[in-house]
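**Student:** the following block contains a protein sequence and its predicted model.
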Amino acid sequence: MSSFSQLPPLSLYIHFPWCVQKCPYCDFNSHQQKTTLPENQYIDALLNDLELDLPLIWGRKISSIFMGGGTPSLFSANSLDTLLAGIRARIPLLPNAEISLEANPGTLENERLFEYREIGINRVSLGVQSFHDEYLEKLGRIHNSETAINAIEKAKQANFDSFNIDLMFGLPGQSLEQAKYDIEKAISFSPNHLSYYQLTIEPNTAFYNSPPVLPDDENCWSIYQNGLAILLENGYAQYEVSAYAKKNQQCRHNMNYWQFGDYLGIGAGAHAKITDANKQSITRYWKLKHPKDYLTQSAISPVAGSREVTGNELVFEFLMNALRLNAGFTLDAFCLRTGLLENQLRERLNKSIHQNLVSWDEQKNLVRTTDRGKQFLNEILQDCLPE
């Protein structure tokens, strides 16, 4: 039986489903832009979508907004300004709300980054992936290293509160020295935040149907360990599996996910998680995935489905997020965010605790993944799956 004494922070995720072209590794809901982008129509649809969601969160404030995709930076600053103004008119934002935008360096011609900053976007995440043109081509990116560097320099000049660089490692044919160059090049621009993650082959992608030859596990581990050492030496603390930040520069929006906060989701294929104190429930819901369906239904109901999360499934979903954090989580946080009791958590973690994959500090009431456990996170979660 769930029992919620207070509601968690609330974020807003906005999905933009179009890209110039689909990357062969991407399994996100993104569609190649084949005709003129329906910019105005989509902004209207997003605001209609939000309007229909308002009864779910009456009286609550937004702590962060994240515009992801797809490629949100295909949209002009004027369109995003209209969107943000419409959001502010409907839901109060906290005064220091983090407002993030994912941006593809290949879509940032002219003064677009400066314009984004002027309309109130205070954090930008640049999908660089590599500074080697040969790997950018293999990854299907529409930019080259020169374009990426130009975008980073403009982001610095635009004076965002924070900017992130996305980097991949374990690329087809990548050597340790090439991966080292990528991470040292990224650090040379002094970003506040770095996302550093291994290329994985996901179902329903071009790479899955025609897999490239990737470095073996031993080489990937060496690349990762070397990259981690370089990041730490340069003042980037790892706070999540693939996230590194300067002091106090963690992505607040993503932290809310990992700490099992609430979030609205608007846009084609967007997902949401909402805690209802009156019903004493946690519900996930998701929007229609295809842009055409979403645009057609946004004024009526763009919701594709929903489900209440309870019991062991709730424990699993909490752990799937919280165990990614280096700092772990307190038992108070678990009980507060899930409405469940401590024994329901211990039942699911006993095996991993005995295997020294998870530590449970009784004095500090703190649960976290051990250094060894970080290498076996999937196995830990497998043991926590609801029966």
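**Tutor:** Cool, got the structure. Numbers count the residues shown, from 1 in each chain.
**Student:** pick out the residue closest to the middle of the protein.
**Tutor:** Central residue of the chain (C-alpha atoms, centre = their mean): N254, 5.6 Å from the mean position.
**Student:** following the strand or helix carrying that one, which helix or strand comes up?
**Tutor:** Assigned by DSSP states H and E, N254 falls within helix 252-258. Sequence-wise, the next helix or strand downstream of helix 252-258 (DSSP H and E) is strand 262-266.
**Student:** ok, back up a step: could you find the closest non-adjacent residue to the residue nearest to the centre of the chain?
**Tutor:** A243 (6.8 Å; C-beta to C-beta, 6 or more residues apart in numbering). Every C-beta, even on glycine, is put in place using the N, C-alpha and C of the backbone.
**Student:** any idea what that neighbour is bridged to?
**Tutor:** When assigned by DSSP bridges, A243 has beta-bridge partners S195, E240.
**Student:** pretty sure it sits against C251.
**Tutor:** Yes. A243 is within contact range of C251, at 6.7 Å (criterion: C-beta atoms under 8 Å).
**Student:** what residues are shared contacts of these two?
**Tutor:** Between them, A243 and C251 share these contacting residues under C-beta atoms under 8 Å, 6 or more residues apart in numbering: H193.
**Student:** what number of residues lie near S188?
**Tutor:** 12 (other C-beta atoms under 10 Å).
**Student:** got phi/psi on it?
**Tutor:** Backbone torsions for S188, taken as degrees, to the nearest 10, come to phi -60, psi -20.
**Student:** quickly note the distance from F260 to I99.
**Tutor:** Distance, F260 to I99, using C-beta to C-beta, to the nearest Å: 22 Å.
**Student:** picking up where we left off before, what distance do you get for the residue nearest to the centre of the chain to E240?
**Tutor:** Taking C-beta to C-beta, one finds N254 at 7 Å from E240.
**Student:** likewise for E102?
**Tutor:** 17 Å.
**Student:** what's the answer for Y13, then?
**Tutor:** Separation of Y13 from E240 (C-beta to C-beta) stands at 17 Å.
**Student:** repeat that for A151.
**Tutor:** 24 Å.
**Student:** more neighbours: these two, which one.
**Tutor:** A151 (27 against 19).
**Student:** just checking, that one touches V124?
**Tutor:** No. With contact defined as C-beta under 8 Å, A151 does not reach V124; the gap is 9.1 Å.
**Student:** now do the shared contacts for those two.
**Tutor:** By C-beta under 8 Å, 6+ apart, A151 and V124 have these common neighbours: A103, L113.
**Student:** just checking, R337 is part of a helix?
**Tutor:** Yes. Remark: R337 belongs to a helix, assigned using DSSP: H, G, I helix; E, B strand; the rest coil.
**Student:** from now on call the first residue 421
**Tutor:** All right, first residue 421 from here; so that's R757.
**Student:** neighbours of it, how many?
**Tutor:** 23.
**Student:** confidence score at it?
**Tutor:** On pLDDT, R757 comes in at 94.
**Student:** need the nearest residue in space to it, chain neighbours excluded.
**Tutor:** F680 (4.2 Å).
**Student:** in this protein, what helix or strand scores lowest on average pLDDT?
**Tutor:** strand 451-452 (a mean of 86; mean pLDDT, DSSP states H and E).
**Student:** from the contact counts, what lies against the helix or strand just after that strand?
**Tutor:** Next along the chain after strand 451-452, taking DSSP H and E as the criterion, comes helix 459-473. Contacts defined by 3 or more C-beta pairs under 8 Å, 6 or more residues apart in numbering; DSSP states H and E place helix 459-473 against strand 430-436, helix 497-510, strand 682-686, helix 711-717.
**Student:** report the angle between helix 459-473 and strand 430-436.
**Tutor:** 150 degrees (axes from the mean of the first three to the mean of the last three C-alpha atoms, to 10 degrees).
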